[in-house]
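Student: everything below, folded, please.
(one chain, ligands or ions: 1)
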Amino acid sequence: MSSIVCDIGCGRGAPLSFMARDFPKSQFHGIDVSENCIETAKCRRESMQLKNVTFHLGDALESVEQQDWRSKFDIVYCRDLVHDLQRPDLFLKGVKNILKDEGYFVMVEITAHGKPAKNVDIPSARHMYGASLFRCLPMSLAGNGESMALGAMWGNERALEMLAEAGLKCFRSEEVDTLNTAYYCTKN
Ligand SMILES: C[S@@+](CC[C@H](N)C(=O)[O-])C[C@H]1O[C@@H](n2cnc3c(N)ncnc32)[C@H](O)[C@@H]1O
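Tutor: You can find the predicted model right below:
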């Protein structure tokens, strides 16, 4: 079986390259707004001699509005991207445009409650609030226009609400490592 997979906010492309290596019949696309990340990802692709992965320099929201990507992907994957966006609400709505009708959207985000007081038992929470303040919030506030400025600790409750508001049906969510929760969705 072969699939077409897109990793939006792919960073330096490590997860996508390992998937491309392990599933040689499938096609993989990675997109990131950072030139440095895309250059590094392309070097990795060359050194691993991968023919089934393409890296694109571009913006997440623009990518889900791209006409030639309409209904193209079996799987759209984003790890630690959505909270960095200025308008994650518009992005999540747009994801449906580029998913096939039977496609899956997988969003991986930091495990947290929306209310800070509920996070005292999460060992990584103090570190993540700091990282969010100095890296994620500036990233989402950096563009022109209005920003939702979610921050990395936006919380699982809000994530589920926003997926539903975007018309994505989350059929399962689970903690996948000590930091992250994965949300598995289909189009409603
Ligand atoms: C925390 S990193 C995660 C990278 C990768 N997904 C991983 O898990 O290793 C967030 C990535 O999202 C990218 N990013 C942030 N805003 C973006 C946007 N508007 N469009 C595309 N990529 C964006 C950043 O350049 C960065 O590489």
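Student: quick check: closest non-adjacent residue to residue 9.
Tutor: residue 81 (2.9 Å; Cβ to Cβ, 6 or more residues apart in numbering). To be clear about C-beta, it is placed using only N, CA and C from the backbone, and glycine gets the same treatment.
Student: that neighbour contacts residue 6, doesn't it?
Tutor: No. Between residue 81 and residue 6 there is no contact, the gap being 11.7 Å when judged by Cβ atoms under 8 Å.
Student: give me the helices and strands touching the longest strand along the chain, please.
Tutor: Looking across the chain with DSSP state E, the single longest strand is strand 99-110. Packing partners of strand 99-110 (3 or more Cβ pairs under 8 Å, 6 or more residues apart in numbering; DSSP states H and E): strand 73-79, helix 156-165, strand 180-187.
Student: neighbours of residue 168, how many?
Tutor: Using other Cβ atoms under 10 Å, residue 168 has 21 neighbouring residues.
Student: just the C-alpha atoms of the longest strand of the chain, please, in CSV.
Tutor: Extracted in CSV, the C-alpha atoms of strand 99-110 (Å, rounded to 0.1, in the frame of the first residue of the first chain):
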residue,chain,number,x,y,z
LEU,A,99,-6.9,15.9,2.9
LYS,A,100,-8.5,13.2,0.8
ASP,A,101,-12.1,12.4,1.9
GLU,A,102,-10.8,9.3,3.8
GLY,A,103,-7.6,11.0,4.9
TYR,A,104,-6.2,11.4,8.4
PHE,A,105,-5.0,14.5,10.2
VAL,A,106,-2.5,13.8,13.0
MET,A,107,-1.7,16.8,15.3
VAL,A,108,1.0,16.4,18.0
GLU,A,109,1.0,19.1,20.7
ILE,A,110,2.5,19.5,24.2
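Student: quick one: residues contacting the residue positioned nearest the centre of the chain.
Tutor: Centroid check for the chain by Cα atoms, centre = their mean gives residue 78 as the closest residue, at 1.7 Å. Residue 78 makes contact with 7, 8, 9, 60, 106, 107, 108, according to Cβ atoms under 8 Å, 6 or more residues apart in numbering.
Student: can you do 6 Å?
Tutor: Residue 78 is in contact with 8, 9, 107, counting by Cβ atoms under 6 Å, 6 or more residues apart in numbering.
Student: circling back: and the residue nearest to residue 9, how far from residue 57?
Tutor: Applying Cβ to Cβ, to the nearest Å, the value for residue 81 to residue 57 is 15 Å.
Student: likewise residue 1?
Tutor: Shown here: residue 1 relative to residue 57, a distance of 30 Å by Cβ to Cβ.
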